[in-house]
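Peer 1: structure, please.
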Amino acid sequence: MMVICGAIGDGDAAALCSRVAGLLDGLGASTLVCDVHDLHPADAAAVDGLARMQLTARRRGHSIQLDRPPGELCDLIALVGLGDVLPSVPPDERTRPSARRRRRRQAEQRKQGGRIEEGGEADHPAV
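Peer 2: Below you'll find the predicted structure:
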């Protein structure tokens, strides 16, 4: 599990992605859970940083899932259309380890949705 608290600034994405990559290298599971309940403010820089972390994870064949996101963050993620890209841990599964393992196995059996683009034109950079 990765805990993110405080603010994610415009220059923080590279350090967060590096941290995600380091954690994923030793992760036996396909999903890295990120506790974001103390992430404030919920702004565009925070969503950008989280989306870049997801891109880093997907490039390594993994994914991230947000645990306990504040309501404002969920609203902003939905507003910008990244609800499928930045999923949250369902509240009923936070306390049930067997359900998390079952969900992880199911995620490994599914094809990746491909919702995050890894490349783009110069005037449309990837997230």
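Peer 1: alpha carbons only for contacts and neighbour counts from here, please
Peer 2: Will do.
Peer 1: tell me how many other residues crowd residue 51.
Peer 2: When neighbours are defined as other Cα atoms under 10 Å, residue 51 has 21 of them.
Peer 1: again with residue 84
Peer 2: Other residues lying near residue 84 total 12 when counted by other Cα under 10 Å.
Peer 1: on the three-state scheme, it is what?
Peer 2: When classified by DSSP: H, G, I helix; E, B strand; the rest coil, residue 84 comes out as coil.
Peer 1: so it versus residue 35, what's the distance?
Peer 2: Applying Cα to Cα, to the nearest Å, one obtains 18 Å for the distance of residue 84 from residue 35.
Peer 1: do residue 68 as well
Peer 2: From residue 68 across to residue 35, the span is 6 Å (Cα to Cα).
Peer 1: do residue 80 as well
Peer 2: Here residue 80 is placed at a distance of 21 Å from residue 35 (Cα to Cα).
Peer 1: equivalent analysis for residue 45, please.
Peer 2: In terms of Cα to Cα, residue 45 sits 17 Å off from residue 35.
Peer 1: would you map the helices across this structure?
Peer 2: 13-25, 44-59, 71-79, 97-109 (DSSP state H).
Peer 1: out of these, deepest packed?
Peer 2: Greatest average neighbour count among the helices of the chain goes to helix 44-59 (a mean of 20), per mean count of other Cα atoms under 10 Å.
Peer 1: find the nearest non-adjacent residue to the residue positioned nearest the centre of the chain, please.
Peer 2: Nearest to the geometric centre of the chain sits residue 64, at 3.8 Å (Cα atoms, centre = their mean). Nearest non-adjacent residue to residue 64, counting by Cα to Cα, 6 or more residues apart in numbering: residue 32, 4.6 Å away.
Peer 1: wait, that neighbour sits on residue 2?
Peer 2: Yes: under the criterion of Cα atoms under 8 Å, residue 32 makes contact with residue 2 at 7.3 Å.
Peer 1: what about these two, which has more around it?
Peer 2: The neighbour comparison of residue 32 against residue 2 (other Cα under 10 Å) goes to residue 32, with 20 against 15.
Peer 1: pLDDT score for that one?
Peer 2: In this prediction, residue 32 carries a pLDDT score of 94.
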